[in-house]
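Novice: Need a 3D model of the sequence below.
(2 chains)
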Amino acid sequence: MTDVQATGDAGDFAVTAGPTRPRFGGTGWNWLGLLPFLLFVALFLVLPVLYLVNGAFQNAEGQYTLENILALGSDNIVASYSLSIRLSLVSAALGAIAGLLVAYAVILGGLPGWVRHAFTTFSGVASNFAGVPLAFAFIATLGRLGLVTLIFRDVFGINLYAAGFNLFSFWGLALTYLYFQLPLMLLVVTPAMEGLKGEWREAAESLGASRAQYWRRVALPVLTPSVLGCFLLLFANAFGTLATVIALTGSSYSVVPIMLYNQIRGNVLYNPNLGYALALGMVVIMAVTNLLYLFLRSRAERWQK
Amino acid sequence: MKRYPAFPTLIVIAASLYFLVPLYATFDFSLRMERGVLSFAAYRDVFQSDTFISTLTFSAVASLVAILLGALIIVPTAYWVRLKLPRVRPLVEFLTLLPLIIPPVVLVFGYMRIYGNNSFLPLTTTDPGTNLLLVIGYTVLSLPYMFRAVDNGMAAIDIATLTEAAESLGASRFAIIRRVIFPNVRSAIMAGAFLTFSISLGEFVMASLLNRPAFGPYLVQMGQDYAYQPAALAIMAFVVTWASMALMQVFATRKPGQRFLPRMPRLSTFAPRRVQS
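Specialist: The predicted structure follows:
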């Protein structure tokens, strides 16, 4: 989703391939070649979602109604969405700020090239190191008997858990998510950082701008759409996270994906159609976030040509 | 103007600590199963478990079949779109990106409702059917990466000319795809394949809700029952992820026909996967 070069290649190809073949050759029948793909996508991607969306607007007797959507306003569901959104916002903000700082440090910070190389390579792995194993790693680190917890206790005499820290809580989850959010941010914001042209800085300096002025008036405004876009990507990333939460806290920590998971397993809402509405809510949030991301990315790419 | 970059250095050190300490802590923890000595007992214990072997085998097979299915669907489609239907490319690309928007938990919820009892295609009523549904789910999850990798691979070769050359030699459509296009995008497929593999090997949500004896649910169960084995499993998972990503990158940057890799490429040249499990 971030590979600017790739879309460039694709564009070049379309240009060179265009004139060599008649545009409307074999009128209509060419569509048949797409049939297997379209059938697969329809059966296993579009239909299942449409089924849930349709079900969200029906009652148990199959009549159309808005009562499931209205029932999303009940206390426990609102609390669940609120928790999910707050956790995703916090984890996305942490990831965006930390990722931005690291991107600045390794790309523009004047450090040797191998530092950047090491960080990008590691980020490719770490952004994929999620789910259950990540939870295990953090339990071994910051759990009640984790290495860091013990070091704090034995070396510094600080009992983290008595001091209010808990890995199996909101902030513990946010800290754990950071392990895949920071690398993701670093990877997606890199093109924007690289897009800050040296000439702009020189131009600003030759006009007498200070370092801070350059950042505030030139670099940050150019970066803003990218950073906001990446923030949304991180938000969506956190919002859909389920396995890490289950492995850390069990299925009792009621973020929306967990609530839906429990509903699917045992109809804990006692209303299947309410489950569909819950799923619809997730899809809507994910869709809006991703659409905004795409919009902001297209804004941001204007500066990267 | 040249001065020592103190602030960047500080950031890099802090970030490195954040990344490396959990890995070290996990490794250290995984060695402490036997009281007072460091040993690989936790690893031994894991490898001796039948469940470990059987769930890992199940997930590996499911992932491989999903990769195969994905390649069979994506390669001809990407080829056809580039050759004959460049105008519908945005639509196809959009459809392949949908799995990034629809969380796996929602997708599998839909599967269970549509392909359950009283369905026109009652897959979940039998074991092989449910396995197939899981494989299909993994294929769907891999669509964004598979399509992207294969499409990029096709951009690097001149499909139109290759096709015309093959046609002029009398090759059928099927033969062209199988004997000309497939070999030329093989490394692109492999790149997508390793990513798919690392996604689906430890996948939890779909496998758990479909009640499959897969590796992801096994991991969660281990986390609930044991202390040291999960740390050993996390280290192994990290190594597998690292290997998958490295292999993916090797193949993603390989030109068709190229035999050796001149140097280790950057991972950043490939879009990162969206972590949703």
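Novice: in the stretch 51-200 of chain A, which ranges drop under the pLDDT threshold?
Specialist: The stretch 51-200 of chain A contains no residues with pLDDT under 70.
Novice: Going along the chain, name the helices of it.
Specialist: Using DSSP state H, counting those that start in this stretch, the helices of the stretch 51-200 of chain A run over A:67-71, A:75-103, A:113-126, A:132-142, A:147-154, A:170-195, A:198-206.
Novice: In CSV, list these along with mean neighbour count and distance to chain B.
Specialist: Every residue, glycine included, has its C-beta placed from N, CA and C. CSV is the format used below for the helices of the stretch 51-200 of chain A (neighbours: other CB atoms under 10 Å in any protein chain shown; distance: least, CB to the nearest CB, whole Å):
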stretch, mean neighbour count, distance to chain B
helix A:67-71, 15, 14
helix A:75-103, 19, 5
helix A:113-126, 19, 3
helix A:132-142, 27, 4
helix A:147-154, 16, 4
helix A:170-195, 23, 5
helix A:198-206, 12, 10
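Novice: all strands for the stretch 201-305 of chain A, in order.
Specialist: With DSSP state E, counting those that start in this stretch, there are no strands along the stretch 201-305 of chain A.
Novice: In it, what residue spans correspond to helices?
Specialist: For the stretch 201-305 of chain A, the helices defined by DSSP H, counting those that start in this stretch occupy A:211-214, A:220-239, A:243-249, A:256-266, A:272-300.
Novice: Deepest-packed of those, please.
Specialist: helix A:243-249 (a mean of 25; mean count of other CB atoms under 10 Å in any protein chain shown).
Novice: rewinding a little: need the helices of the stretch 201-305 of chain A in a markdown table (columns: mean pLDDT and distance to B:V240).
Specialist: Below are those laid out as a markdown table (pLDDT from 0 to 100; distance: least, CB to CB, whole Å):
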| stretch | mean pLDDT | distance to B:V240 |
| --- | --- | --- |
| helix A:211-214 | 88 | 44 |
| helix A:220-239 | 91 | 21 |
| helix A:243-249 | 92 | 16 |
| helix A:256-266 | 92 | 24 |
| helix A:272-300 | 90 | 28 |
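Novice: and B:P128, which of those is closest to it?
Specialist: helix A:256-266 (21.9 Å; CB to CB).
Novice: tell me the angle of that closest one relative to helix A:75-103?
Specialist: With axes from the mean of the first three to the mean of the last three CA atoms, to 10 degrees applied, the angle from helix A:256-266 to helix A:75-103 works out at 130 degrees.
Novice: any residue of helix A:256-266 up close to chain B?
Specialist: Yes: contact of helix A:256-266 with chain B (CB under 8 Å from any CB of the partner chain) involves A:P257, A:L260, A:Y261, A:I264, A:R265.
Novice: By proximity to chain A, which residue of the stretch 101-250 of chain B wins?
Specialist: Closest contact between the stretch 101-250 of chain B and chain A, by CB to the nearest CB, is at B:G110 (2.5 Å).
Novice: Now do the same contact list for the nearest residue to that residue once chain neighbours are set aside.
Specialist: Spatially, and ignoring its direct neighbours in sequence, B:G110 is nearest to A:P48 (2.5 Å; CB to CB, 6 or more residues apart in numbering or on different chains). Counting by CB atoms under 8 Å, 6 or more residues apart in numbering or on different chains, A:P48 makes contact with B:L107, B:F109, B:G110, B:Y111, B:R113, B:I114.
Novice: Okay, and the fifth one sits in which element?
Specialist: Pointing back at B:R113 there. Here B:R113 sits within helix B:104-114, counting by DSSP states H and E.
Novice: Now the element after that helix, going C-ward?
Specialist: The C-terminal neighbour of helix B:104-114 among helices and strands, as given by DSSP H and E, is helix B:127-155.
Novice: Flag the shaky bits of chain B, pLDDT-wise.
Specialist: Scanning chain B for pLDDT under 70 picks out the ranges B:1-3, B:255-277.
Novice: Show me the residue at the heart of it, geometrically.
Specialist: Of all residues in chain B, the one closest to the mean position by CA atoms, centre = their mean is B:T196, 1.7 Å from it.
Novice: Would you mind checking the contacts of A:P48 for buried ones?
Specialist: With burial judged by 16 or more other CB atoms under 10 Å in any protein chain shown, the buried subset of the contacts of A:P48 is B:L107, B:F109, B:G110, B:Y111, B:R113, B:I114.
Novice: just those now: which is nearest A:T120?
Specialist: When the buried ones among the contacts of A:P48 are ranked by distance to A:T120 (CB to CB), B:L107 comes first, at 30.8 Å.
Novice: Just to check, the closest one is in contact with A:V49?
Specialist: Yes: in this structure B:L107 lies within contact range of A:V49 using CB atoms under 8 Å: 7.3 Å.
Novice: Now find how far off-centre the biggest helix by length in chain B is within its chain.
Specialist: Of all segments of type helix in chain B, defined using DSSP state H, the longest is helix B:50-83. Helix B:50-83 has its C-alpha centroid displaced from the chain centroid by 9 Å (CA atoms, centre = their mean, to the nearest Å).
Novice: With stretch B:5-17 instead?
Specialist: Its chain's C-alpha centre and that of stretch B:5-17 lie 32 Å apart, by CA atoms, centre = their mean.
Novice: Using PDB, write out every CA atom in that stretch.
Specialist: What follows is stretch B:5-17, C-alpha atoms only, in PDB (Å, rounded to 0.1, in the frame of the first residue of the first chain):
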ATOM      1  CA  PRO B   5      24.000  13.900  15.900                       C
ATOM      2  CA  ALA B   6      23.200  13.500  19.600                       C
ATOM      3  CA  PHE B   7      19.400  13.600  19.500                       C
ATOM      4  CA  PRO B   8      19.100  11.000  16.600                       C
ATOM      5  CA  THR B   9      21.600   8.800  18.500                       C
ATOM      6  CA  LEU B  10      19.500   8.900  21.600                       C
ATOM      7  CA  ILE B  11      16.300   8.000  19.600                       C
ATOM      8  CA  VAL B  12      18.000   5.100  17.900                       C
ATOM      9  CA  ILE B  13      19.300   3.800  21.200                       C
ATOM     10  CA  ALA B  14      15.900   4.000  22.900                       C
ATOM     11  CA  ALA B  15      14.200   2.300  19.900                       C
ATOM     12  CA  SER B  16      16.800  -0.400  19.800                       C
ATOM     13  CA  LEU B  17      16.300  -1.100  23.500                       C
END
